[in-house]
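Colleague: One predicted model, sequence on top.
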Amino acid sequence: MRKLWIRYVACFILLAVLLLVLLVWNICAGSVDFTAEELLAALANPLDAGIIWGIRLPRVLAAAILGGALSVSGFLLQTFFANPIAGPFVLGISSGAKLTVSLVMIFLLSRGGTAGSMALIAGAFAGSMLSMGFILLLSRRVKQMSMLVISGVMIGYICSAVTDFLVTFADDSNIVNLHNWSMGSFSGTSWDNVEMMSWVVFLSLGLAFLLSKPIGAYQMGEVYARNMGVNIKRFRVELILLSSILSACVTAFAGPISFVGIAAPHLIKGLFRTAKPIVIIPACFLGGAVFCLGCDLIARTVFAPTELNISSVTAVFGAPIVIGLMASRKSGRMREES
C-alpha cells in the first residue's frame, strides 16, 4: 500500500512539473519569443505585457482547463458505457454541441446581437444532451459496444455536415469566421471566458470527485454497486449530466477537440496503474491539461505564423495512442486465452 501511494505522489508530481513547464513554454513561445529570463522583464513593457496578459495567458489557461475537462468527461463516459474507446468526440456528443452552438451564434449574430458565454454553454449543453439521448436510445437496441461507437461516429458526421452547411452559406462575415472555431481552436479566448469556464469546469470536477466512491463500486459491476447502496438510476443521470456539461463547456469555448477524451484517460491509467476514481479523476484533469497544452504549443509554433487547428494535432498524437493501447489490450487477452 505504501509503495502504491509513493507511486501516486510521484506521478502527480511528474504531471504538475510537466504542466508548469508547458504553461511557461506556451507563454514564452509565439510570433514574439521570450526566454524564461526575459518573461518577467517583458511584463514591465506595456506592449509585451499586453501580448502576455491579454492574448497568451488567457489562451494557455483555457487550453489547460478545457483539456482537463475533456479528459474527465471521457473518463466518465468510459465508466458509464464500460467501453475504453467511449468519448465525447467519438460518440458524437461534441458534434451535437457544435451544431447547437452554431445555431445559437447564427441566430444571435444575424440579429445584431452577441453570443455570451452563458448562451454558448446552454446551447452546447442542449446539443450534448440531444446527442447523448440518441446514443442512449441506440444502446437499448444495439447490444454490441462496437456498433454503438459506430452509431456515435455517424451521429457526429451528420451533425458536423449540418454545421458546415450552415456556416458555409452564412452571409455575415462574423458567422463565416466560425469555420475556424468549428475545427477547434483556443485562439481569441478572453479573461471573461476563462472566468466562466473555470466556474463551470471546477464545479463539475468537484461534483465528479464526490462521486468517486459510487464510480468505484460501479466499475465492479452494476449488481455490486446496487448491493453497496448505489442508486443506479440516479447515478447514471449524474454521470450523463456531468460528462455532458464538461464536454459542452469545451465545445462552447474551443469547438470540438478530438481524441483527448479517449487518449488522456488511457495514458493516465497506464501511468498510475490503477483505475481508482479518487486518484484517476484529478489525475485525468492534469493529464488532459498537459496533453492539450502540448498539442496547442505544436499547433501554434510548428508552422508559424500559420496556425493549425488543435483537433488536427490532437488527432495526430491521440489516434496512434488509442490504436496502440487497444492493440496491446487485445494481444494481452489473446495471451491469457492461450
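Modeller: Received it, and whenever you're ready, just let me know what you need.
Colleague: how near is Leu210 to Trp199?
Modeller: According to Cβ to Cβ, to the nearest Å, Leu210 and Trp199 sit 17 Å apart. All C-beta atoms are positioned from the backbone trio N, CA, C, and that covers glycine.
Colleague: Okay, helices next: where are they in the stretch 151-300 of the chain?
Modeller: For the stretch 151-300 of the chain, the helices defined by DSSP state H, counting those that start in this stretch cover 173-176, 178-182, 191-210, 212-219, 222-227, 232-254, 260-272, 277-301.
Colleague: give me every residue that touches the spatially most central residue of the chain.
Modeller: With distances taken as Cα atoms, centre = their mean, Leu70 lies nearest the centre of the chain, 1.9 Å away. Residues in contact with Leu70 (Cβ atoms under 8 Å, 6 or more residues apart in numbering) are 88, 246-247, 250, 257, 260-261, 264, 288, 292.
Colleague: what do you get for Ser71?
Modeller: For Ser71, the contact set (Cβ under 8 Å, 6+ apart) comprises 260-261, 264-265, 268, 284-285, 287-289, 291.
Colleague: go with 10 Å
Modeller: Ser71 sits next to 87, 246, 260-265, 267-268, 280-281, 283-292 when contact means Cβ atoms under 10 Å, 6 or more residues apart in numbering.
Colleague: Could you do Leu18 as well?
Modeller: By Cβ under 10 Å, 6+ apart, Leu18 lies in contact with 286-287, 289-291, 293-294.
Colleague: Now flag whichever of those is closest to Leu66.
Modeller: Comparing the contacts of Leu18 against Leu66 with Cβ to Cβ places Ala289 closest, at 8.6 Å.
Colleague: what about that closest one, how many neighbours?
Modeller: Using other Cβ atoms under 10 Å, Ala289 has 27 other residues around it.
Colleague: Mind pulling the model confidence for it?
Modeller: Looking at Ala289, its pLDDT stands at 95.
Colleague: now do Cys28
Modeller: At Cys28, pLDDT is 83.
Colleague: Phi and psi next, for the residue nearest to it when sequence neighbours are not counted.
Modeller: Nearest non-adjacent residue to Cys28, counting by Cβ to Cβ, 6 or more residues apart in numbering: Phe34, 4.5 Å away. Dihedral pair for Phe34: phi -130, psi 140, per degrees, to the nearest 10.
Colleague: so how far is Gly270 from the closest residue to Ser117 other than its chain neighbours?
Modeller: The shortest distance from Ser117 to any non-neighbouring residue, by Cβ to Cβ, 6+ apart, is to Met196 (4.0 Å). Using Cβ to Cβ, Met196 is found at 33 Å from Gly270.
Colleague: out of these two, which sits in the busier spot?
Modeller: The residue with more neighbours, out of Met196 and Gly270, is Met196; 19 against 11, by other Cβ under 10 Å.
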